[in-house]
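In: take a look and give me a structure for this.
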Amino acid sequence: MVAEQEILRRRDMREVFTFTIDPADAKDFDDALSFAVIEEGYQIGVHIADVSHYVKPGTKIDEEAYRRGTSTYLVDRVIPMLPEELCNDLCSLRPGEDKLCMSVIFTMDADARVLKYKICRTVIRSDARLNYDEVQEIITRNPNSHRDPGILDSALLTLNALATKLRAERLANGALAIEQDEVRFRLDEHYHPIDIYFEHPNEAHHLIEEFMLLANKTVAKAVGSGRPFVYRVHDLPDNEKLDELRKFKKRLGSRIPQQTIDLLTIRAQAKAVYSTYNIGHYGLAFSHYTHFTSPIRRYPDLMVHRLVEKYILTGKPCSLTREELEEKCEHCSACEQEAAQAERDSIKQFQTMWMADHLGETFVGHITGIMDFGFFVQLDDNRCEGLIRMELIEHPEDFVLGDSVTVQVIRVDVNRSQIDFEMV
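Out: Numbers count the residues shown, from 1 in each chain. All right, here's what the predicted structure looks like:
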């Protein structure tokens, strides 16, 4: 229950049409969008759960959240950064409940230009909890629909049109357009994988993504320069690796599947990290960028909320030195990389468990790595990756990266998450 005094201190957005869009199995809803038609165009609010109201610096919960740095999403479980009472209940922007938020409220015209914005603390009440499939269905069915769309459909169609323009502008400015399918598993009652499938980003994903990117960029620019702040930065790519990729694409052309090109392009990129030194974000083509939109699952976002309160809402100086803040950034970057590795290991393990049920079967895949000891092959249908040992390859010089090959599964070690193939 939100205290009445706290509501009075905030901008009341409870009467503005508001909704969340998340995966169907999500439990913590940390962002919501509000939509209203106004004289200048549209008022669009990006509302983020105000975790900083509940989690104060120096408390045991804050110390543990900092230690974890991020939530970790494994195939069969989630290791949350915050206690479930906070992330799934108190802070979660569930429909029909008054919730405290840190918000960026934009006034935009029909060409997706931001005419003005305000960063403020708000109280919202979500009207609907939607998942990506539901939103995608509304987006795709409406162009041919003759019925009255209603407020939800109108809001989603307008927001999708604006997001499409924001995305087009970003890509025109040089942002990378790499979209990786997410590997998903169907598990039985014993948490054993019975199917592997993929989720590809669609317009519903892009809608949310573009407004979250806009909020993150706006907050980073609003803070300005000269004050210690937590930026999300992405350095220029490795030129040597990019040259190799260009030569590789020129040599093989249409023989390479897009997923292999995307994989190699990602490998050529620097890792995005947190830093107080703003060098911009190469991948997004932004001069200023931060993480503001997920404080339930990322500690840097919680740090950003606290800095926004000081710099923008109250005008107070930061109590931490730049060196102290930089140390926290480095810690959070390390936590993020550890969590990402754990997530990759979890996917690999469940892929191996699935492959153990398909020993002796044949699959088509592409060579994704060539080493002295053998070829790594990623299967096209399920993205499982395994090794063909060099002693099993008759003429290794006949093969190059990206080649399509047919392989048979000859050995699976679930404990080590290793899959061995041989050429067919």
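
In: tell me the buried residues in stretch 10-18?
Out: By 16 or more other Cβ atoms under 10 Å, the buried positions in stretch 10-18 come out as R10, M13, V16, F17, T18. To be clear about C-beta, it is placed using only N, CA and C from the backbone, and glycine gets the same treatment.

In: next one: stretch 96-111
Out: Result for stretch 96-111 [16+ other Cβ under 10 Å]: buried residues K99, L100, C101, M102, S103, V104, I105, F106, T107, M108.

In: show me what counts as buried in whichever strand or helix holds V409.
Out: Using DSSP states H and E, V409 falls within strand 404-413. Neighbour counts over strand 404-413 (16+ other Cβ under 10 Å) mark V405, V407, V409, V412 as buried.

In: mind putting those residues into a markdown table with distance to G45 and pLDDT?
Out: Below are these laid out as a markdown table (distance: Cβ to Cβ, whole Å; pLDDT from 0 to 100):
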| residue | distance to G45 | pLDDT |
| --- | --- | --- |
| V405 | 51 | 95 |
| V407 | 51 | 97 |
| V409 | 51 | 97 |
| V412 | 50 | 97 |
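
In: would a markdown table of the residues you listed with distance to R77 be doable?
Out: Shown next, in a markdown table, are these (distance: Cβ to Cβ, whole Å):
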| residue | distance to R77 |
| --- | --- |
| V405 | 35 |
| V407 | 31 |
| V409 | 27 |
| V412 | 23 |
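
In: between those, which is nearest C120?
Out: Closest approach to C120 among the buried residues of strand 404-413 (Cβ to Cβ): V412, at 54.9 Å.

In: where's the residue nearest the centre of the chain relative to A215, distance?
Out: Nearest residue to the geometric centre of the chain (Cα atoms, centre = their mean): E209, 8.1 Å. Between E209 and A215 the distance is 11 Å, computed by Cβ to Cβ, to the nearest Å.

In: while we're on the spatially closest residue to K118 that is not a sequence neighbour, how confident is the model there?
Out: Spatial nearest neighbour of K118, excluding adjacent residues (Cβ to Cβ, 6 or more residues apart in numbering): I105 at 4.9 Å. At I105, the model reports a pLDDT of 98.

In: got phi/psi on I105?
Out: phi -110, psi 120 (degrees, to the nearest 10).

In: show me what it is bridged to.
Out: Note on I105: beta-bridge partners G45, K118, judged by DSSP bridges.

In: start the count at 47, not 1, going forward
Out: Yep, numbering from 47; the last one is I151 now.

In: need the contact list for it.
Out: With contact set as Cβ atoms under 8 Å, 6 or more residues apart in numbering, I151 has these partners: R57, S80, Q89, I90, G91, V92, Y163, K164, I165, C166, T168.

In: ok, the last one - contacts?
Out: I take that to be T168. Contacts of T168 (Cβ under 8 Å, 6+ apart): R56, R57, D58, M59, G91, H93, L146, C147, M148, S149, I151.

In: quick check: I197 touching F63?
Out: Yes: with contact defined as Cβ atoms under 8 Å, I197 reaches F63; the gap is 5.7 Å.

In: what is the nearest of the contacts of T168 to T336?
Out: For the contacts of T168, the closest approach to T336 (Cβ to Cβ) belongs to M148, at 12.7 Å.

In: what average pLDDT does stretch 414-432 get?
Out: 93.

In: now do the helices in the chain.
Out: 50-54, 97-100, 106-114, 130, 178-187, 196-218, 249-269, 285-298, 304-314, 345-354, 368-402 (DSSP state H).

In: who wins for proximity to V229 among the ones you listed?
Out: Taking the helices of the chain one by one with Cβ to Cβ, helix 368-402 is closest: 5.4 Å.

In: which of the residues in that closest one are buried?
Out: Of all the residues in helix 368-402, those buried under the rule 16+ other Cβ under 10 Å are 371-372, 374-375, 377-379, 381-382, 385, 392-402.

In: list the contacts of the nearest residue to E215 once chain neighbours are set aside.
Out: The shortest distance from E215 to any non-neighbouring residue, by Cβ to Cβ, 6+ apart, is to A158 (7.3 Å). Contacts for A158 (Cβ under 8 Å, 6+ apart) come out as L208, A209, K211, L212, E215.

In: nearest to N134 among the residues you listed?
Out: Proximity of the contacts of A158 to N134 (Cβ to Cβ) peaks at A209, which lies at 27.5 Å.

In: now that closest one, nearest residue through space, not along the chain?
Out: Nearest one to A209, counting by Cβ to Cβ, 6+ apart, is E256 at 4.0 Å.

In: show the pLDDT at the one you found.
Out: 98.

In: got it, and P189?
Out: At P189, the predicted lDDT confidence score is 55.

In: again with K106
Out: pLDDT for K106: 97.

In: what count of nearby residues applies to C430?
Out: When neighbours are defined as other Cβ atoms under 10 Å, C430 has 24 of them.

In: okay but L438 is in contact with M469, surely?
Out: Yes: L438 is within contact range of M469, at 6.8 Å (criterion: Cβ under 8 Å).

In: so, low pLDDT: which residues of the chain?
Out: Under the criterion pLDDT under 70, the flagged ranges of the chain are 47, 188-195, 298-303, 305.
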